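> Just need the structure, nothing else, for what follows:
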Amino acid sequence: MQVSIRKMGNSQGILIPKPILKQLGLVDVADLQVNGDVIEIRPLKRNAREGWAQDSQRLAATGDDAMVWPEVGNEGDAELVW
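Alright, predicted model coming up:
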């Protein structure tokens, strides 16, 4: 697909058609790299647990970190020696 390079403020850029952005899963941010003479635009690979530490601290600060399920025990647990 041939695209025009356009002036955008003090820079230049291209417009990426919406169907292509959707196909690649690009929404707000992307990874942009130059590989030889090729410009590569890819979705960011995010850590699946990114932000968990901050979220757990926020939940603890608001007191919203209580157990959802009651403690579950088995018959005879009180007699066990650990």
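> Only C-alpha atoms from now on, for both contacts and neighbour counts.
Will do.
> Quick check: Gln12 is in a strand.
Yes. When DSSP: H, G, I helix; E, B strand; the rest coil is applied, Gln12 is found to be in a strand.
> Run through the bridge partners of it.
Lys7 (DSSP bridges).
> And it, how far from Arg6?
Separation of Gln12 from Arg6 (C-alpha to C-alpha, to the nearest Å) stands at 5 Å.
> mind listing the helices in this protein by residue range?
18-24, 52-62 (DSSP state H).
> for the first one, what is the average pLDDT?
Going back to what we said before, that points to helix 18-24. Across helix 18-24, pLDDT averages out at 93.
> Which positions in it come out as buried?
Across helix 18-24, burial judged by 16 or more other C-alpha atoms under 10 Å covers no residue at all.
> Show me what that helix is packed against.
For helix 18-24, there is no helix or strand it packs on, judged by 3 or more C-alpha pairs under 8 Å, 6 or more residues apart in numbering; DSSP states H and E.
> hmm, back to that, would you turn the helices of the chain into JSON lines with distance to Val38?
What follows is the helices of the chain, written out as JSON lines (distance: least, C-alpha to C-alpha, whole Å):
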{"stretch": "helix 18-24", "distance to Val38": "17"}
{"stretch": "helix 52-62", "distance to Val38": "35"}
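> among those helices, which is nearest Val81?
Proximity to Val81, assessed across the helices of the chain by C-alpha to C-alpha, is greatest for helix 52-62 (32.2 Å).
> related to what we said a few turns ago, quick one: which of the helices of the chain is nearest Asp37?
Judging the helices of the chain by C-alpha to C-alpha, what sits closest to Asp37 is helix 18-24, at 21.2 Å.
> Tell me how many other residues crowd the closest residue to Ser56 other than its chain neighbours.
Counting by C-alpha to C-alpha, 6 or more residues apart in numbering, Ser56 lies nearest to Asp65, which is 7.8 Å off, once chain neighbours are set aside. Neighbours of Asp65 under the rule other C-alpha atoms under 10 Å: 12.
> Asp65 against Arg58, yeah?
No. Using C-alpha atoms under 8 Å as the test, Asp65 is too far from Arg58 to be in contact (9.1 Å).
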